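Engineer: what's the 3D shape of this:
(one chain, ligands or ions: 3)
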Amino acid sequence: MKTLLAALIAFTMGSTVRTQAACSVAGMPPNYSFTAGSCSTAPGVTLYVPYSSALVIMDPFEVLFDSKRYPYAQRSDSPWAAGIRQGSIYVEDFEDGLVNTPGLAMTSGFLLDGSSVDEDDGVLGNGTDNDFGFVYYAAGNTHTIRAEFSRDSKGRFPTYAGWVMDTLDQSDATFAAYDPSGNLLASYNYILQWGEFQFVGVYAPQGIGAIASDFNQRLYVDHVQYGYAIPEPGTALLTATAALAAAARRRRTPARQLP
Ligand SMILES: [Ca+2]
Ligand SMILES: [Ca+2]
Ligand SMILES: [Ca+2]
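Structural biologist: Residues are numbered from 1 along each chain as shown. Ligands and ions are numbered 1, 2, ... in the order given. Sure, this is the predicted structure:
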């Protein structure tokens, strides 16, 4: 039965399976392993994408795709939030009107005092139209926003790099990452919808020299995030498990009788 089901799934997914095979995607919750849009990654490189679809099997004769997208309203919505908290991932939110986090240069697009990530005005949930703050913006004949990274004091390029994107319209958007020599590490093409920021990023152990987005309408970029490490979720889980086990041991140990 399992074999029959697997064959049915393979038949239903068809060529899309081959697209996914060329693309390594992470950062999504369990059971969301399939990305909407098209993508490619170099060996060892992982994309973090804002859309994904899960394969939902209702019964052997009904197989559906459930699409979902991941809005970004604050730093804690980042798949790299643990790295941001511990300081190993930088965030440039442009709110001081400057591009001044270490090793970052914005080389295409321009600063705009406009519609920012929700948390940047200090009020969560007040809607896109009321979210004031600085973003990076491009439109008209300049349809690219690009960030370039330089080596840190230890000679390293970042291994994580990404940002959040929003548009005023619906836009064909491309996110791409390049190594320090300009070779393509990863690309992701999708339809960017108006109305909320979404995160797109890449992990590349060989180092990232630049990220860039092309699109055919107006584009906002905010919260440029890059760095060298995020804490392993497994480490935190193991620590918690060890603490629980120690607590259980303490409970099992009878209190020492006083003489
Ligand atoms: Ca901002
Ligand atoms: Ca700044
Ligand atoms: Ca807000």
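
Engineer: I'd like the average pLDDT over stretch 179-198.
Structural biologist: Mean pLDDT, computed over stretch 179-198, is 86.

Engineer: How far does it stretch from one end to the other?
Structural biologist: 23 Å (CA to CA, to the nearest Å).

Engineer: before we move on, what about stretch 190-201?
Structural biologist: From its first residue to its last, stretch 190-201 covers 14 Å (CA to CA).

Engineer: Quick check: buried residues in it?
Structural biologist: Residues 190, 192-193, 196-201 are the ones in stretch 190-201 that count as buried (16 or more other CB atoms under 10 Å). C-betas here are computed from N, CA, C, even on glycine.

Engineer: Flag every residue of the stretch 1-150 of the chain that's near ligand 2.
Structural biologist: The stretch 1-150 of the chain has residues 96, 98, 100 near ligand 2, with proximity defined as CB under 5 Å from the ion.

Engineer: of the buried residues of stretch 190-201, closest to T174?
Structural biologist: Nearest to T174 among the buried residues of stretch 190-201 is Y190, at 8.3 Å by CB to CB.

Engineer: Direction included, what does the strand or helix carrying the closest one pair against?
Structural biologist: Secondary structure assigned from DSSP states H and E places Y190 in strand 184-192. According to DSSP bridges, strand 184-192 has the following sheet partners: strand 38-41 (antiparallel), strand 171-178 (antiparallel).

Engineer: is ligand 3 contacted by stretch 116-131?
Structural biologist: Yes - judged by CB under 5 Å from the ion, stretch 116-131 and ligand 3 are in contact via 118, 121, 123, 126, 131.

Engineer: Which residues are in contact with the nearest residue to R156 once chain neighbours are set aside?
Structural biologist: Closest residue to R156 apart from its sequence neighbours, by CB to CB, 6 or more residues apart in numbering: Y228 at 6.3 Å. Under the criterion of CB atoms under 8 Å, 6 or more residues apart in numbering, the neighbours of Y228 are 88-89, 152, 156, 158-160.

Engineer: what ranges do the strands span in the stretch 1-150 of the chain?
Structural biologist: Along the stretch 1-150 of the chain, counting by DSSP state E, counting those that start in this stretch, strands occupy 25-26, 38-41, 46-48, 51-59, 62-69, 89-92, 104-108, 110-115, 132-138, 144-149.

Engineer: Tell me, how many residues neighbour Q206?
Structural biologist: 16 (other CB atoms under 10 Å).

Engineer: T174 too?
Structural biologist: 21.

Engineer: Surely it touches I191?
Structural biologist: No - counting by CB atoms under 8 Å, T174 stays clear of I191, with 11.0 Å between them.
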